[in-house]
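Chemist: Need the 3D shape of this:
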Amino acid sequence: MGKILKKLGEAELEIMQVIWGSNPPMTSNQILKELQTRRKWQLSTLMTSLSRLADKGYVCCDRSTGSNLYSPLVTEDEYRTTESKNFLERLYNNSIQNMVATLYSNRALKSSDVEELRKFLDELEDEG
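Modeler: I've put the predicted structure just below:
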C-alpha cells in the first residue's frame, strides 16, 4: 500500500462507512438516505463533504451517466491499517507491547481479553 492517506474527520468517516458498507457506486441521494439515521444533513452539506473526500483521494465521482456516482478509491482495510499505524506511532511509540501493557495496567483489558489475544497470536504463528 503506497498511498499516503489524509486524515478523515468524523463526518467524512461516516460517509465512507456508508460507501464501504454498500454496493458502490452510489448516488449522493443514496448516501444521504443512509446517513439520515446518524445525521440530519442537507444534500448541499453532503456534496461539500463528498467533494472534500474526492480531493483527499478517498472517492471518485463518475459523471458520465448523468448522475454523480461515487465509488471508494480506498478500501476500509487500507484506511484501518493506516489509522492503526498512525495511532500506535503517535500514542505508543510504535509499540504494540506498550499499548497492551497500558490497557492492561489500567484495567481497560480484562484477563479474558489477554487470553483471546494470546490465542489469536498463537493461531497467526501456526499459519506462518
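
Chemist: ok, Lys24 touching Ser71?
Modeler: Heads up, residue 24 is Pro, not Lys. Yes - using C-beta atoms under 8 Å, Pro24 makes contact with Ser71 at a distance of 4.4 Å. All C-beta atoms are positioned from the backbone trio N, CA, C, and that covers glycine.

Chemist: Now find how far off-centre the helix or strand containing Ile31 is within its chain.
Modeler: Ile31 belongs to helix 28-35 when assigned by DSSP states H and E. Chain-centre distance of helix 28-35: 18 Å, with C-alpha atoms, centre = their mean, to the nearest Å.

Chemist: what's the answer for stretch 108-123, then?
Modeler: Worked out by C-alpha atoms, centre = their mean, stretch 108-123 lies 24 Å from the chain centre.

Chemist: how about low-confidence regions in the protein?
Modeler: For the chain, applying pLDDT under 70 flags the ranges 1-3.

Chemist: those strands in it, which residues are they?
Modeler: Taking DSSP state E as the test, the strands found in the chain are 26-27, 59-62, 69-72.

Chemist: partners of the shortest one in the sheet?
Modeler: Sheet partners assigned to strand 26-27 using DSSP bridges are listed as strand 69-72 (antiparallel).
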